[in-house]
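Undergrad: Prediction below, plus the sequence it came from.
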Amino acid sequence: MTNTMNATNATNTMNATNATKMTNASLAPAIAAAEAERTRLDFAQSAPKAFRALIGLDAAACEGLDPALVELVQIRASHLNRCAYCLHMHTNDARKAGESEDRLHMVAVWREARHFFTPKEQAALALTEALTLVADAGVPDDVYTEATAHFGDQELAQVIALICTINTWNRVALSTGKVAGTDERRS
């Protein structure tokens, strides 16, 4: 019985691996087809000054911040805003910077997996949620106070600017129909 179960498990693992390979192999044409069907404006071409200003704000907000923290904030805001384009981009950026798959999988449920994140990262994630969902309840005093316990004034201001920037990027990507899997930074 054990040999049969092991053989079945091995077959299921092989089938899952092959399915993943087939999906990965078919991903590029699917992305290209989705991009070809996209009919909305190109923000960078249509509003180049605004686009460059947003790039400048993004760069200024990130300057001096821990790159891992930056990606976690950008990933969490992109989850909340349901921006697949930015989520794909920032999870890939985080992987390239050495972020673990375990932590990437836990960002969306960080409150239930606090042990994956430092107290400073938790404070940044809580602030990201509050500021991204600001219309729901503002930025609660306890969330802001916890952030001030982990960030000095300048760093906190930069984190706030980062959160504002990724929320703007999410809105640009969503309103212009950006396709997950593409990355205009490579164009």
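TA: Great, that's in hand.

Undergrad: State the distance from the residue nearest the centre of the chain to residue 51.
TA: What sits nearest the mean C-alpha location of the chain, by CA atoms, centre = their mean, is residue 75, with 2.1 Å. Note on residue 75: its distance to residue 51, by CB to CB, to the nearest Å, is 22 Å. For every residue, glycine as well, the C-beta is placed using N, CA and C.

Undergrad: How is the residue nearest to the centre of the chain assigned, secondary-structure-wise?
TA: helix (DSSP: H, G, I helix; E, B strand; the rest coil).

Undergrad: Isn't it up against residue 89?
TA: No - the pair residue 75 / residue 89 is not scored as a contact, 9.6 Å apart, by CB atoms under 8 Å.

Undergrad: which stretches of the chain form helices?
TA: 2-37, 43-46, 48-62, 67-81, 84-96, 101-106, 119-132, 134-137, 141-150, 153-175 (DSSP state H).

Undergrad: of all these, which lies closest to residue 183?
TA: Across the helices of the chain, the minimum distance to residue 183, taken as CB to CB, is reached by helix 84-96, at 5.6 Å.

Undergrad: Need the residues that contact the closest one.
TA: 68, 71-72, 74-75, 77-79, 101, 104, 166, 169-170, 173-174, 178-183, 185 (CB atoms under 8 Å, 6 or more residues apart in numbering).

Undergrad: Next up, the contacts around the residue nearest to the centre of the chain.
TA: Per CB under 8 Å, 6+ apart, neighbours of residue 75: 87, 90, 91, 94, 104, 107.

Undergrad: Just the closest of those to residue 118, please.
TA: Each of those was checked against residue 118 using CB to CB; the closest is residue 107, at 13.3 Å.

Undergrad: shouldn't that closest one be in contact with residue 122?
TA: No - counting by CB under 8 Å, residue 107 stays clear of residue 122, with 11.2 Å between them.

Undergrad: Residue ranges in this structure under the pLDDT threshold?
TA: 1-25, 186-187 (pLDDT under 70).

Undergrad: Now residue 140: closest residue in space that isn't a chain neighbour?
TA: Nearest residue to residue 140, sequence neighbours excluded (CB to CB, 6 or more residues apart in numbering): residue 130, at 6.2 Å.

Undergrad: My guess is residue 27 contacts residue 181. True?
TA: Yes - at 6.7 Å, residue 27 counts as touching residue 181 under the criterion of CB under 8 Å.

Undergrad: So for those two, which sits in the more crowded spot?
TA: residue 181 (17 against 11; other CB atoms under 10 Å).

Undergrad: Just give the nearest non-adjacent residue to that one, would you?
TA: Spatial nearest neighbour of residue 181, chain neighbours left out: residue 31 (3.8 Å); criterion: CB to CB, 6+ apart.

Undergrad: how about the one you found, what does it touch?
TA: Contacts for residue 31 (CB under 8 Å, 6+ apart) come out as 179, 180, 181, 182.
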